[in-house]
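**Q** need coordinates for the following:
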Amino acid sequence: MNPMNAMSSMMQSKKFIAAVVAAIISFFSMRSGMTMEQIAMITGPLFVYIGAQGLADMGKEAAKPKAAKK
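**A** Have a look, this model is predicted:
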């Protein structure tokens with residue numbers, strides 16, 4: 001796969017966007033003097049979303065071979 005295509009594909013990923021948003025929020029929250037507990041309460045749901053999206057993607061991939069056999 002072409003590196004530019006891979007980068008473009010990654011930037012369209014919901015998981016990648018959520019991870020970038022979580023990193024940006026963490027960075028600016030730390031700079032503003034928030035405690036780690038406060039930052040975790042803000043970014044925690046984003047990490048749960050990333051994990052849930054990964055599980056959903058695994059389910060989609062698992063269903064593809066079954067659909068092709070029908």
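**Q** any idea which helix or strand carries the residue nearest in space to the middle of the chain?
**A** For the chain, K15 is the residue whose C-alpha lies nearest the centre (Cα atoms, centre = their mean; 2.2 Å). Assigned by DSSP states H and E, K15 falls within helix 14-31.
**Q** who are the packing partners of the helix or strand hosting A52?
**A** For A52, the host element (DSSP H and E) is helix 36-69. On a contact count with 3 or more Cβ pairs under 8 Å, 6 or more residues apart in numbering; DSSP states H and E, helix 36-69 meets helix 14-31. Any C-beta I mention is one placed from the backbone N, CA and C, and that applies to glycine too.
**Q** what mean pLDDT does the helix it packs on get?
**A** Throughout helix 14-31, pLDDT has a mean value of 93.
**Q** now for it, which elements pack on it?
**A** Counting by 3+ Cβ pairs under 8 Å, 6+ apart, helix 14-31 packs on helix 36-69.
**Q** show me what counts as buried in the helix it packs on.
**A** 39, 43, 46, 49-50 (16 or more other Cβ atoms under 10 Å).
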